[in-house]
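> Return atomic coordinates for the entry below.
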Amino acid sequence: TNTSRMIPTLTGVAKPPPGNRSCDITVFGCTGNAGRAVAYQVLRTAAQTKSPTPIRIGLAGRNRDKVETISKGIRAELSASPNLSIKDENVNIMIADASDAESMLTMAQSSRVVISCAGPYSRYGEAAVVACIAGKAHYVDIAGEIPWVSRMISEHDNDARRAGVCLLPLSGYDCVPSEL
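I've put the predicted structure just below:
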């Protein structure tokens, strides 16, 4: 069966998040395998971007030491290539835990876009959706849990629309194999 017919669809217009945010893009859950891969691609793209205004990246997870280790490792890999380095001031380490609503809201309020890579989403995902709506940050994930995505859209789409927040689930990685 075609699973796209079973998922409520999202429509609406995303608004730029209000205020000055310290991060353009934050990768939440960057210490897992998928999160590290996403963080690598985001940091690599930021390093390759030739713009007078650098892309500011946030790396977020529950454990500061693990997040810092991921950041240092990725940045070391990138610096091995010519012209692929990122200044310290353009990478922010954030502590955010799905079981701590305040830390999640702080992360969302610091970011224009949050890419959630912390799963399983049925257990840890809703905290990021709720925080992004409250903090007016756009939300992207790599979920592949169709029932969870359907529930998030049903329960949170109206609030997201009112807040001008774009919810963009199923944005790669985990959902791709199930769609093939």
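
> From now on I want contacts and neighbour counts done on CA atoms only, so please keep to that.
Will do.

> Tell me what the most centrally placed residue in the chain is bridged to.
Residue closest to the average C-alpha location in the chain (CA atoms, centre = their mean): residue 115, at 1.1 Å. On the basis of DSSP bridges, residue 115 is bridged to residue 27, residue 140.

> Could you tell me which residues make contact with it?
The neighbours of residue 115, taking CA atoms under 8 Å, 6 or more residues apart in numbering as the test, are 25, 26, 27, 28, 139, 140, 141, 142.

> Make a markdown table out of those and add distance to residue 50, neighbour count and pLDDT.
Below are those laid out as a markdown table (distance: CA to CA, whole Å; neighbours: other CA atoms under 10 Å; pLDDT from 0 to 100):
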| residue | distance to residue 50 | neighbour count | pLDDT |
| --- | --- | --- | --- |
| 25 | 17 | 26 | 97 |
| 26 | 20 | 30 | 98 |
| 27 | 21 | 29 | 98 |
| 28 | 25 | 32 | 98 |
| 139 | 25 | 25 | 97 |
| 140 | 24 | 22 | 96 |
| 141 | 26 | 27 | 96 |
| 142 | 27 | 23 | 93 |
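
> between these, which is closest to residue 155?
Using CA to CA, residue 139 comes nearest to residue 155 of these, at 14.9 Å.

> just checking, what packs against the longest helix anywhere in the chain?
Longest helix in the chain, counting residues (DSSP state H): helix 146-163. Packing contacts for helix 146-163, counted by 3 or more CA pairs under 8 Å, 6 or more residues apart in numbering; DSSP states H and E, involve helix 121-135.

> Show me what the helix it packs on is packed against.
Checked by 3+ CA pairs under 8 Å, 6+ apart, helix 121-135 has helix 101-109, strand 111-116, strand 138-141, helix 146-163 packed alongside it.

> ok, now with 6 Å
helix 101-109 (3 or more CA pairs under 6 Å, 6 or more residues apart in numbering; DSSP states H and E).

> Could the C-alpha coordinates of the helix it packs on be exported in CSV?
Extracted C-alpha coordinates of helix 101-109, given in CSV (Å, rounded to 0.1, in the frame of the first residue of the first chain):
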residue,chain,number,x,y,z
ALA,A,101,11.4,20.3,28.7
GLU,A,102,13.4,23.5,29.7
SER,A,103,16.6,22.3,28.0
MET,A,104,14.6,21.4,24.9
LEU,A,105,13.0,24.9,24.8
THR,A,106,16.3,26.6,25.3
MET,A,107,17.7,24.7,22.4
ALA,A,108,14.7,25.5,20.1
GLN,A,109,14.8,29.2,21.1
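
> tell me the contacts of residue 103?
residue 96 (CA atoms under 6 Å, 6 or more residues apart in numbering).

> and residue 94, which of the three is it?
strand (DSSP: H, G, I helix; E, B strand; the rest coil).
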